[in-house]
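1. Return a 3D structure for these sequence lines:
(2 chains)
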Amino acid sequence: AQRVTQPEKLLSVFKGAPVELKCNYSYSGSPELFWYVQYSRQRLQLLLRHISRESIKGFTADLNKGETSFHLKKPFAQEEDSAMYYCALSGPGANNLFFGTGTRLTVIP
Amino acid sequence: EPEVTQTPSHQVTQMGQEVILRCVPISNHLYFYWYRQILGQKVEFLVSFYNNEISEKSEIFDDQFSVERPDGSNFTLKIRSTKLEDSAMYFCASSDHRTSGSKKQYFGPGTRLTVT
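-> Model prediction:
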């Protein structure tokens, strides 16, 4: 069965500090992994997907198949990064997204 | 940039009533989705729709739910006889795998459904 685990419901860091939001997954094949973000009063929007290996707003995420993790990292947090972050996966033959419970990141000025 | 729109933003209904939630996906997208998020819980997949038929659905999407694309722009979710536990935020999403090369989904702002 598929599962996405985000162990931290809440995470607070100071501005300028590094931030890492953890995501572990369980899937019996090779899923596609995503990070979605929801800023206050805005819609869910895609931040990163593992297949494109891109850096968006300074965030990166590396898929570690051995540890079944897809942690989101940023070296220097900014106040505007405060938001709800969701890790999600999609199976290779499926179109739907399976979400984790989310982590609310607060960047303290 | 084109966006997915949803109406209404908030719907209040009495238990047992039918509700229709409306979505206008991005115009050149071919895949449409409904998700829901009960307060304090995670976003859950309900159903996906492609080529005028359901392509996938979750266990949540039982006989009380139906989806329709009544014209070339709207995508609706109908709940026939609402229950208290249907109270949630309902998100519509759309995607176009041909251009994105991946399952990038664009979400609407959501409709908050309150069943009393």
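
2. how close does the residue nearest the centre of chain B get to A:T101?
-> Geometric centre of chain B, nearest residue: B:W34, 2.9 Å, by C-alpha atoms, centre = their mean. Going from B:W34 to A:T101 by C-beta to C-beta, to the nearest Å gives 19 Å. Placement of C-beta: from N, CA and C, glycine included.

3. what's the helix or strand hosting the residue nearest to the centre of chain B in contact with?
-> B:W34 is part of strand B:31-37 when elements are defined by DSSP states H and E. With C-beta atoms under 8 Å, 6 or more residues apart in numbering or on different chains as the test, strand B:31-37 has contacts from A:95-97, B:21, B:23, B:25, B:43-50, B:55, B:60, B:67, B:69, B:75, B:77, B:88-97, B:105, B:107, B:110.

4. repeat for stretch A:60-73
-> So stretch A:60-73 is contacted by A:18-27, A:30, A:33, A:35, A:47-48, A:50, A:59, A:74, A:85, A:87 (C-beta under 8 Å, 6+ apart).

5. chain center to it, what's the gap?
-> 9 Å (C-alpha atoms, centre = their mean, to the nearest Å).

6. Buried among the contacts of strand B:31-37? Make that a PyMOL selection.
-> The buried residues among those can be selected in PyMOL (16 or more other C-beta atoms under 10 Å in any protein chain shown) with this line:
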select buried, (chain A and resi 95+96+97) or (chain B and resi 21+23+25+43+44+45+46+47+48+49+60+67+69+75+77+88+89+90+91+92+93+94+95+96+105+107+110)
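
7. Which ones among the contacts of strand B:31-37 lie within strands?
-> Within the contacts of strand B:31-37, residues falling in strands by DSSP state E are B:21, B:23, B:43-50, B:55, B:67, B:75, B:77, B:88-95, B:107.

8. out of the residues you listed, which touch chain A?
-> B:V43, B:E44, B:F45, B:S48, B:Y50, B:S55, B:F91, B:S95, B:F107 (C-beta under 8 Å from any C-beta of the partner chain).

9. Dump the residues you listed to CSV, plus pLDDT and distance to A:G66.
-> CSV is the format used below for these (pLDDT from 0 to 100; distance: C-beta to C-beta, whole Å):
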residue, pLDDT, distance to A:G66
B:V43, 94, 27
B:E44, 95, 29
B:F45, 95, 27
B:S48, 94, 31
B:Y50, 90, 34
B:S55, 91, 32
B:F91, 97, 33
B:S95, 91, 30
B:F107, 95, 31
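
10. Now do the phi/psi pair for A:Q2.
-> Phi and psi for A:Q2, reported as degrees, to the nearest 10, are phi -80, psi 150.

11. Neighbours of it, how many?
-> 14 (other C-beta atoms under 10 Å in any protein chain shown).

12. ok, it - contacts?
-> Contacts of A:Q2 (C-beta under 8 Å, 6+ apart): A:Y25, A:S26, A:Y27, A:S28, A:P31, A:L89, A:G91, A:F98.

13. List the contacts of the residue nearest to A:P31 when sequence neighbours are not counted.
-> In space, not counting the residues next to it along the chain, A:P31 is nearest to A:L89; the distance is 4.2 Å by C-beta to C-beta, 6 or more residues apart in numbering or on different chains. Residues near A:L89 by C-beta under 8 Å, 6+ apart: A:Q2, A:V4, A:Y25, A:Y27, A:P31, A:E32, A:L33, A:F34, A:L97, A:F98.

14. Which among those count as buried?
-> With burial judged by 16+ other C-beta under 10 Å, the buried subset of those is A:V4, A:Y25, A:Y27, A:P31, A:E32, A:L33, A:F34, A:L97, A:F98.
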